[in-house]
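**Q** curious how this folds, go ahead:
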Amino acid sequence: MSSEQRVAVITGASSGIGAALAGSLSRRGWHCVLLARRADRLNQIAAEIGAEIEICDVSSAAAVSETAARVLEHHPAIGLLVNNAGIPSHGSFLSASPERIEQVIRTNYLGSVWSLRAFLPGLERGRPSGVVNIVSVAGTTVVPDAGPYSASKHAQLAFSRALRAELKPLGISVLTVNPGPVTTEGFPQTRLINKRSMRWTVLTPERIAEKIARAIARGKSEVVFPRWMRIAGISTALFPSTVTRVVARGDPGRDVELPKDGEGE
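**A** Residues are numbered from 1 along each chain as shown. Below is the predicted model of the structure:
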């Protein structure tokens, strides 16, 4: 690793947005440390971009702490932490199992908290540094038949916004990313893609990754991709009762596929 290269730690880097962002940051001169549960996929991506890997389940605070200790031993100063790891929850609060609901909250929300706390010493030594939280449009509005997933993203969004104010005096910036439908390994969006009128709403991980990399370079604090989906969060904030009635009656999210189990969004 060149002495000029800054280190970026990316969770959920074995596929989807995490893997694509690792490639995008690597091309921009970052040295990436990739975290996820799937060693085979991490090894493949690391070989392609010259990255390091650590096997880690972010839902476990102990596992994150142990992983961060190993990483910080080799890289005391961290320039960027990307909290991307996440799992879905098909079904509502009434139909999903208690175990699944708890796992979704631990991974999508608490995983970001544990990662931030564990890598904070490295971010402080790497100042000016930054944190990128990959949240979701699902964190800004109501997602039908995916209540636990949406709730975990609402919590992650609140965490990210609060963190921005908390870390600013320390010289650490926070970027919140709220993607809409993205085609990934477990999130093919086939129903949207098969509808010619809706195909344009779906983005690829590579396109999202480039947008995120540009947002980091420009010092953005919160972005929604595609931008027109900001209306979902605005509508929910201004007219929550109306949005709930519309969702209950028409289920506008029925064409949005949540990802299957695995890292990434």
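
**Q** in the stretch 151-265 of the chain, which spans are strands?
**A** For the stretch 151-265 of the chain, applying DSSP state E, counting those that start in this stretch gives strands covering 172-179, 222-225.

**Q** winner for burial among those?
**A** With neighbours taken as mean count of other CB atoms under 10 Å, those reach their highest mean count in strand 172-179, at a mean of 23. No exception for glycine: its C-beta is placed from N, CA and C like everyone else's.

**Q** max-length helix in this structure?
**A** helix 147-167 (DSSP state H).

**Q** mind listing what's buried in that helix?
**A** 147-157, 159-161, 163-164, 167 (16 or more other CB atoms under 10 Å).

**Q** stretch 124-140 too?
**A** Buried, per 16+ other CB under 10 Å, within stretch 124-140: 126, 129-140.

**Q** show me how far stretch 127-137 is from its chain's centre.
**A** The gap between where stretch 127-137 is centred and where its chain is centred comes out at 9 Å by CA atoms, centre = their mean, to the nearest Å.

**Q** what sits up against it?
**A** Residues from elsewhere that reach stretch 127-137 (CB atoms under 8 Å, 6 or more residues apart in numbering): 12, 17-18, 78-84, 86, 112, 116, 123, 153, 156-157, 159-160, 163, 167, 170-180, 212, 216, 224, 229, 232-233, 265.

**Q** change it to 7 Å
**A** Stretch 127-137 is contacted from outside by 17, 78-84, 112, 116, 123, 153, 156-157, 160, 163, 167, 171-180, 212, 216, 224, 229, 232, 265, using CB atoms under 7 Å, 6 or more residues apart in numbering.

**Q** what's the helix or strand for the closest residue to Ser173 other than its chain neighbours?
**A** Counting by CB to CB, 6 or more residues apart in numbering, Ser173 lies nearest to Gly130, which is 4.4 Å off, once chain neighbours are set aside. For Gly130, the host element (DSSP states H and E) is strand 129-134.

**Q** also Ala8?
**A** Going by DSSP H and E, Ala8 is in strand 7-11.

**Q** how many residues are close by Ala69?
**A** For Ala69, the number of neighbouring residues by other CB atoms under 10 Å comes to 11.

**Q** just list the residues touching the closest residue to it other than its chain neighbours, thanks.
**A** For Ala69, ignoring the flanking residues on the chain, the nearest one in space by CB to CB, 6+ apart is Ala118 at 7.9 Å. Ala118 sits next to 64-65, 68 when contact means CB under 7 Å, 6+ apart.
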